[in-house]
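Visitor: Below is the sequence, then the predicted model.
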Amino acid sequence: MSFKPIIVQCSEIDADAMLGELIKDVNEGKPVNELRLVYLPLFRSIKLDTLFKMLFVKYPDLLKQLVSVLLGIKYDSIEQFIITNPEMPPESLGDKFCRLDINMVVDRQRVDLEIQVNNEGDYPERSLYYWAREFSTGLSEGEGYSALPRTIIINIIAFELFDCKEFHSEFQALEVTRHTQLTDKMSLHYYELPKLPDSINAGNYKELWLKLFKAETEEELANIEALEVPIMSAAVQAYRHVAASPEFREIARLRSKARHDEAQALNNARREERAKLQGVIDDQAGVIDEQASVIDEQAGVIDEQATENEQLRLQIAELQAQLNK
C-alpha cells in the first residue's frame, strides 16, 4: 500500500496525539485514506520563556551584551555580571504562575529581564509588583534603607501597552509637576515589539536585538544574519543550537505536556460542573412537574365545585320562580 504524506507543523505533544489516533484507527480497521503524517517541528520563537531562559543562561556573554544595549551601558564598563537564578526546575514548569525571568546583579544593581507574550490586562501593576519584590528583598539584615540596591525591571513585551509611537518607555519615581526624581533606585523599562520599525538598521543594536525577539520565522532570522553583524550572527547560531538540543526539547515537552494536562483537567472540571448543574436543573424541573400536577388536581376539584355550585344556583332559581307564582 502506498501512502501520500501530509506535512503537519505542530508540537511534539500534538504530533504524538495525532499519530496515536491514526494508529488507533488502523487497529480498529477504520479507513485512514492512505495518509502518512510527517512531523515538522514548530519554529520556536525566542519569546518562548523556556527557550529564552535556557539560551541566555547557557550563553551569559550574549545576555551581558543584550543588557548593556537595552540599558545603554558600555559593555566593557560592566565589572560585575551575575545571573542569580539560573535554575529551571522541571517540577515547576507546569506551574501556572511559574516565571522564567532572568535575575541578575549588574555592577551592584539588581536587574530582572522578563518576556511577556500575552496582555492579560494588568501588566503595569504586575511589573511594578515584581519591581517592589526585587527591591524589598535587596536589604540584608541590619542594613539601613540607603543600602537598598538600584533595581531595574526590563520588560520585552509582544503587545502594545502605551498610547505612544515609541517602542521604548522608561518609568521612574518623579514628582508630578516639577518632574523631580524621588530616587534613582527605581527604573522600569518596557520594549513593545509591535512598535519596532519594519526596516532593519544594521547600525542600531537595540533594534537588532529586539528584532531577534520579534522573529517568528526562519526567514526573519536569516534576514538578521544577512546583515553580517558578528554579535547578532552569534546570537542566531546560539539560538539554533539551543532550540535543537535534547535538553530544550525535553523541557519544552514537559511544559507542553503540563499545559495540556492542565487544560484537560480544567475541561474535566467544567464538564463535571455542567453535569452537577444539569442535575440540579433536572431535580428542580421534577419538583416543578410535581407542583404542576398538584395544581392540576386542585384545579379539577375547583372545576367540580364550580359545577356543583352552578347546579345549586339553578335549583334555587327554579324554587324562587315557583314561590313567585
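Guide: Perfect, thanks for sending it.
Visitor: which residue ranges form the strands in the chain?
Guide: In the chain, the strands defined using DSSP state E lie at 4-10, 35-41, 81-83, 102-106, 109-116, 151-157, 168-171, 186-192.
Visitor: Kindly reformat the ones you listed as CSV containing mean pLDDT.
Guide: What follows is the strands of the chain, written out as CSV (pLDDT from 0 to 100):
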stretch, mean pLDDT
strand 4-10, 47
strand 35-41, 46
strand 81-83, 96
strand 102-106, 95
strand 109-116, 95
strand 151-157, 96
strand 168-171, 97
strand 186-192, 97
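Visitor: Turn those strands into JSON lines, columns for distance to A243.
Guide: (C-beta placed from N, C-alpha, C; glycine too.) Putting the strands of the chain into JSON lines (distance: least, C-beta to C-beta, whole Å) gives the following:
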{"stretch": "strand 4-10", "distance to A243": "15"}
{"stretch": "strand 35-41", "distance to A243": "9"}
{"stretch": "strand 81-83", "distance to A243": "20"}
{"stretch": "strand 102-106", "distance to A243": "17"}
{"stretch": "strand 109-116", "distance to A243": "15"}
{"stretch": "strand 151-157", "distance to A243": "18"}
{"stretch": "strand 168-171", "distance to A243": "27"}
{"stretch": "strand 186-192", "distance to A243": "22"}
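Visitor: burial of Y239, as a residue count?
Guide: 21 (other C-beta atoms under 10 Å).
Visitor: any chance of the strands of the chain in TSV, plus mean neighbour count?
Guide: Output for the strands of the chain, formatted as TSV (neighbours: other C-beta atoms under 10 Å):
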stretch	mean neighbour count
strand 4-10	11
strand 35-41	12
strand 81-83	15
strand 102-106	19
strand 109-116	21
strand 151-157	23
strand 168-171	15
strand 186-192	20
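Visitor: so which of the ones you listed comes closest to H179?
Guide: Of all the strands of the chain, strand 168-171 sits nearest to H179, with 12.4 Å by C-beta to C-beta.
Visitor: Quick one: residues in contact with that closest one.
Guide: Applying C-beta atoms under 8 Å, 6 or more residues apart in numbering, the contact partners of strand 168-171 are 161-162, 187-192, 206.
Visitor: which neighbours does it have in its sheet, and in what orientation?
Guide: Strand 168-171 pairs in its sheet with strand 186-192 (antiparallel), by DSSP bridges.
Visitor: Contacts made by the partner strand with the rest, please.
Guide: Residues outside strand 186-192 that contact it (C-beta under 8 Å, 6+ apart): 70-71, 127-128, 131, 135, 150-157, 159-162, 167-173, 210.
Visitor: now could you export just the CA positions of it as CSV?
Guide: Provided in CSV are the C-alpha atoms of strand 186-192 (Å, rounded to 0.1, in the frame of the first residue of the first chain):
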residue,chain,number,x,y,z
MET,A,186,13.6,52.6,40.6
SER,A,187,13.6,52.0,36.9
LEU,A,188,11.1,50.1,34.7
HIS,A,189,11.8,49.6,31.0
TYR,A,190,9.2,48.4,28.5
TYR,A,191,10.1,47.4,25.0
GLU,A,192,7.0,47.0,22.8
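Visitor: between it and strand 151-157, what angle do the directions make?
Guide: Put simply, strand 186-192 runs at 10 degrees to strand 151-157, going by axes from the mean of the first three to the mean of the last three C-alpha atoms, to 10 degrees.
Visitor: Figure out how far strand 186-192 is from the centre of its chain.
Guide: Taking C-alpha atoms, centre = their mean, to the nearest Å, the mean C-alpha location of strand 186-192 is offset from the chain mean by 20 Å.
Visitor: can I see the domain layout of the chain?
Guide: Recorded structural domains for the chain (assignment: automatic domain parsing) are 4-41, 49-244.
Visitor: tell me the most buried of those domains?
Guide: Comparing these by mean neighbour count (mean count of other C-beta atoms under 10 Å), domain 49-244 comes out on top with a mean of 15.
Visitor: if we can go back for a sec, which one of the contacts of strand 168-171 is nearest to V242?
Guide: Of all these, Y191 has the smallest distance to V242: 21.5 Å, by C-beta to C-beta.
Visitor: Can you tell me how far the closest one is from F167?
Guide: 6 Å (C-beta to C-beta, to the nearest Å).
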